[in-house]
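Enquirer: can you look at this prediction? I've put the sequence above it.
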Number of protein chains: 2
Amino acid sequence: MEKPMTAPIEFWFDFSSAYAYFASHEIEALAARHGRQVIWRPYMLGVAFKATGMRGLSGTPLKGDYARNDWRRISRETGIPFTLPPGHPIVALPASRAFYWIEARDPAAAVAFARDAFHAYYVEQADMTDPAVVAGVAARRGLDAEEVLAGMADPAIKEKVKAISEEGVARGVFGSPFVLVDGEPFWGWDRLAMVDRWLARGGW
Amino acid sequence: MEKPMTAPIEFWFDFSSAYAYFASHEIEALAARHGRQVIWRPYMLGVAFKATGMRGLSGTPLKGDYARNDWRRISRETGIPFTLPPGHPIVALPASRAFYWIEARDPAAAVAFARDAFHAYYVEQADMTDPAVVAGVAARRGLDAEEVLAGMADPAIKEKVKAISEEGVARGVFGSPFVLVDGEPFWGWDRLAMVDRWLARGGW
């Protein structure tokens, strides 16, 4: 790789993804251990599904049951709180739009919002399909809910989420979470340990 | 769980699965660390695909490219030799049939054959779609190739592989490798570390 070994790692995810939620609790500490920063990249996993023909695990026979048990198991093992939201999985477009609207103004606030959004959905069972609820989550960090709501409806922001999702797919991103380290792809919560070893070794 | 904690763990896999190949190098040592034995259960992943609507990763856009890179990476990290066979993925029915024919006569020999079959395919690039080649692999351990070949064609053995595959799916097995520990399911090579922790903890 030509990039310096201090390039940020990219954390791609869909806000509706439980495995991404668990990874969101670990990714910053993992990167920090290796002197890296993290670029958070929410995207629409549905765009990747169109490219791959894959579909969401919750609706897949056997796999859906497996995943629901697995999430409880991960929660118990890691201590990360988790309750399956009643309507899971939801479409996470409002949160993604809010994220990029906030990020354009304050990248650190966008990351804080992303954590809050995951928490609101997976711990508080908030209805994240409702833009007003999402704007309310943003307001917890002092943002103006009305401004965020208006931002989410901005055609440029809608286009941004679509373009980011297509960029991810063009770069080989097809799951959630999905980590890129100097271009090297790692798919899944269960690969964070491999990312850690990769960073420790400095690549191949 | 009502079962004694000394029950064997079940190692379900499809002989064409690269992730299962890597797991086959680790599963016995993992089980032995916890005083467990391993029951090897080759099955036809295609039967699970029919139940889930999933399909093989090699033919899935983006995911196939990811997996091919991932296998090289796992090989490099673990030191387990791996060369992608030219016609991958193949149908692994002949090896599964040979396995169960051997197992009915000598379970330990069946496990040795399973290792040899993985090695023949992923290291020697043997054509494991050819029953004669598979019987030749069995002959390495002193089995009579002609007998194995006749056994693979036995309708009872054909039915056995089908029945085992259906049994796996009925018990929630849908991937490869797939480990059952006292009924608890773990999917994927990348979950062996979790199986290890699970066994160390003694369950939930």
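Expert: Yes, it's here.
Enquirer: what does the lowest-mean-pLDDT helix or strand in chain A contact?
Expert: Lowest mean confidence among the helices and strands of chain A (mean pLDDT, DSSP states H and E): helix A:45-52, at a mean of 93. By Cβ atoms under 8 Å, 6 or more residues apart in numbering or on different chains, the residues outside helix A:45-52 that reach it are A:14, A:16-17, A:54-56, A:91, A:162, A:165-166, A:168-169, A:173-176, B:60-63. To be clear about C-beta, it is placed using only N, CA and C from the backbone, and glycine gets the same treatment.
Enquirer: from these, which ones fall inside helices?
Expert: Taking DSSP state H, the ones among the contacts of helix A:45-52 that sit in helices are A:162, A:165-166, A:168-169, B:63.
Enquirer: narrow those to just the buried residues.
Expert: For the ones in helices among the contacts of helix A:45-52, a burial check counting by 16 or more other Cβ atoms under 10 Å in any protein chain shown picks out A:165, A:168-169, B:63.
Enquirer: need the residues of chain A near chain B, please.
Expert: A:48, A:51-55, A:60-63, A:65-66, A:69, A:73, A:76-77, A:169, A:172-175, A:185, A:187-188, A:190-191, A:193-194, A:197, A:204 (Cβ under 8 Å from any Cβ of the partner chain).
Enquirer: tell me where the model's unsure across chain A.
Expert: Regions of chain A meeting the criterion pLDDT under 70 cover residues A:1-5.
Enquirer: now distance to B:F22 too, for the ones in helices among the contacts of helix A:45-52, in CSV please.
Expert: Listed next are the ones in helices among the contacts of helix A:45-52 as CSV, based on distance: Cβ to Cβ, whole Å:
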residue, distance to B:F22
A:K162, 37
A:S165, 32
A:E166, 33
A:G168, 27
A:V169, 27
B:K63, 17
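Enquirer: wait, which of the residues you listed is closest to B:E146?
Expert: Relative to B:E146, the closest of the ones in helices among the contacts of helix A:45-52 is B:K63; by Cβ to Cβ it sits at 40.9 Å.
Enquirer: quick check: that closest one touching B:L57?
Expert: Yes - with contact defined as Cβ atoms under 8 Å, B:K63 reaches B:L57; the gap is 5.0 Å.
Enquirer: quick one: the strands in chain A?
Expert: A:9-13, A:38-42, A:178-181, A:184-187 (DSSP state E).
Enquirer: I'd like these laid out as JSON lines, including mean neighbour count.
Expert: Compiled in JSON lines, the strands of chain A are given as follows (neighbours: other Cβ atoms under 10 Å in any protein chain shown):
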{"stretch": "strand A:9-13", "mean neighbour count": "24"}
{"stretch": "strand A:38-42", "mean neighbour count": "21"}
{"stretch": "strand A:178-181", "mean neighbour count": "24"}
{"stretch": "strand A:184-187", "mean neighbour count": "20"}
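Enquirer: mind putting these into CSV with distance to A:F99?
Expert: Listed next are the strands of chain A as CSV, based on distance: least, Cβ to Cβ, whole Å:
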stretch, distance to A:F99
strand A:9-13, 10
strand A:38-42, 5
strand A:178-181, 16
strand A:184-187, 21
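Enquirer: the spatially closest residue to A:Y100 that is not a sequence neighbour and chain B, how far apart?
Expert: In this structure, A:Y100 finds its nearest non-sequential neighbour in A:K160, 5.0 Å apart by Cβ to Cβ, 6 or more residues apart in numbering or on different chains. Computed as Cβ to the nearest Cβ, to the nearest Å, the A:K160 to chain B distance reads 22 Å.
Enquirer: for A:I27, same thing?
Expert: 17 Å.
Enquirer: how far away is that residue from B:A193?
Expert: Here the criterion is Cβ to Cβ, to the nearest Å. By it, A:I27 lies 18 Å from B:A193.
Enquirer: the two: which is more packed in?
Expert: Higher neighbour count among A:I27 and B:A193: A:I27, with 22 against 14, using other Cβ atoms under 10 Å in any protein chain shown.
Enquirer: so who does the more buried one touch?
Expert: Neighbour list for A:I27: A:9, A:11, A:38, A:177, A:179, A:192 [criterion: Cβ under 8 Å, 6+ apart].
Enquirer: including distance to A:G136, could those residues go into TSV?
Expert: Conversion of the contacts of A:I27 to TSV gives the following (distance: Cβ to Cβ, whole Å):
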residue	distance to A:G136
A:I9	30
A:F11	24
A:V38	25
A:P177	25
A:V179	30
A:L192	30
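Enquirer: may I have the beta-bridge partners of A:V181?
Expert: Counting by DSSP bridges, A:V181 forms beta bridges with A:E184.
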